[in-house]
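> build me a model:
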Amino acid sequence: LAGFEFARQRALVRAHGSGGRDSMKDARERLLDAAVCVIGEHGIGGLTNRRVCTAAGVSPGSLTYHFATQHDLIREAVITFVAEESQRIREIVDTLRDSVRTPEEAAIAAQQAISDIALGSAEIGVFEVYLHAARVPELRDCAQDCYAAYDDVSRERIGGIDPERHEDLPRGTVVGGVAI
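Below you'll find the model as predicted:
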């Protein structure tokens, strides 16, 4: 139920009741948020149109209007989540950039940032989709694009560290806000 509640809260924040095209866009965004939360709560096998529509607070017709297939819904939901998460990571790194001077301070700041990550239904849902993409060819390109987006954030924001000066720092990628 926590995932549904998260999706409903985001839907309320996004819904401004302006009608017309804006309403259609809001419904689409609510469906995308809800899909990731439903996957996180019930797994890929539990992703049903009814659950997504209930969590998003929209009619079932809205889902089929915006997404021809479940794969389309999943792909767009994960891409949207990763774009928002990438921006959040950029903002965290930018905030820390001026205050972190040593590798030790960077390690402490990274540990705190990871501790602050809320691991809710949406985050779990994205990891579930990554696992599902390993079995479903239609979603592999989406998972690869998402990993590439996290790598870009890592290179773009964290890549400013001089590797010659700090060769003791581990190298890796950032996935779902967590360095691997």
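
> hmm, residue 92 is touching residue 110, no?
No. The pair residue 92 and residue 110 does not pass the contact test of C-beta atoms under 8 Å, sitting 9.5 Å apart. Any C-beta I mention is one placed from the backbone N, CA and C, and that applies to glycine too.

> which element is encountered next along the chain beyond whichever helix or strand residue 30 is part of?
Secondary-structure element containing residue 30, defined by DSSP states H and E: helix 20-42. Note on helix 20-42: by DSSP H and E, the next helix or strand toward the C-terminus is helix 49-56.

> how much does that following helix deviate in direction from helix 20-42?
Direction vectors for helix 49-56 and helix 20-42, defined by axes from the mean of the first three to the mean of the last three C-alpha atoms, to 10 degrees, enclose an angle of 110 degrees.

> in helix 49-56, which residues are buried?
Using 16 or more other C-beta atoms under 10 Å as the test for burial, helix 49-56 gives 51-56.

> ok, stretch 143-150 next?
With burial defined by 16+ other C-beta under 10 Å, the residues of stretch 143-150 counted as buried are 143, 146-147, 149-150.

> now for the longest helix along the chain, which elements pack on it?
With DSSP state H applied, the helix covering the greatest number of residues in the chain is identified as helix 70-97. Where contact means 3 or more C-beta pairs under 8 Å, 6 or more residues apart in numbering; DSSP states H and E, helix 70-97 is packed against helix 20-42, helix 103-116, helix 121-133, helix 137-153.

> great, nothing more from me.
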